[in-house]
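K.L.:
sequence unavailable; structure follows:
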């Protein structure tokens, strides 16, 4: 069983930065496919970024909306995954969820993640 706990959300002005953290327990993050998803009010949850298991070279992928602004990374020692978000826009306002799965699969498909955190709110003001 894998437990995921997100933190780092908050209120930030447009153009600012935030770093979200996802603490994993029950399994090493290097053995998990990890992803970040978000859900804005009134919208469906959508893919943001993902990183594969370490033995697949930790391949990363990003939604078009995140490319060039967001970076996903892993800390093997702390067993955590991060989402560094720069140049934030009002449209980035959402609840951000960390997800994980021990099997290879489509990184941007939320149905292919078994474990989910409770989410952390990110609000970007204009």
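P.N.:
Structure received. Not measured: the values here are computed from a predicted model.
K.L.:
please make it C-alpha for all contacts and neighbour counts, starting now.
P.N.:
OK.
K.L.:
the spatially most central residue of the chain: which element?
P.N.:
By CA atoms, centre = their mean, the chain has its centre lying nearest to residue 36, at 2.3 Å. Following DSSP states H and E, one finds residue 36 within strand 33-39.
K.L.:
average pLDDT across that strand?
P.N.:
The average of the pLDDT scores along strand 33-39 is 97.
K.L.:
how much distance is there from the helix or strand following that strand to the middle of the chain?
P.N.:
The helix or strand immediately downstream of strand 33-39 is strand 46-51, counting by DSSP H and E. Computed by CA atoms, centre = their mean, to the nearest Å, the chain-centroid distance of strand 46-51 equals 6 Å.
K.L.:
with stretch 92-103 instead?
P.N.:
Going by CA atoms, centre = their mean, where stretch 92-103 is centred and where its chain is centred differ by 4 Å.
K.L.:
flag every buried residue along that stretch.
P.N.:
In terms of neighbour count (16 or more other CA atoms under 10 Å), stretch 92-103 has its buried residues at 92, 93, 94, 95, 96, 97, 98, 99, 100, 101, 102.
K.L.:
what's the local residue count around the residue nearest to the third one when sequence neighbours are not counted?
P.N.:
Right, the one you point to is residue 94. Spatial nearest neighbour of residue 94, excluding adjacent residues (CA to CA, 6 or more residues apart in numbering): residue 40 at 4.1 Å. For residue 40, the neighbour count with other CA atoms under 10 Å is 17.
K.L.:
also residue 42?
P.N.:
Per other CA under 10 Å, the neighbour tally for residue 42 reads 6.
K.L.:
for it, what are its contacts?
P.N.:
Contacts for residue 42 (CA atoms under 8 Å, 6 or more residues apart in numbering) come out as none.
K.L.:
the one 3 residues further on too?
P.N.:
Contacts of residue 45 were listed using CA under 8 Å, 6+ apart, and they are 37, 38, 39.
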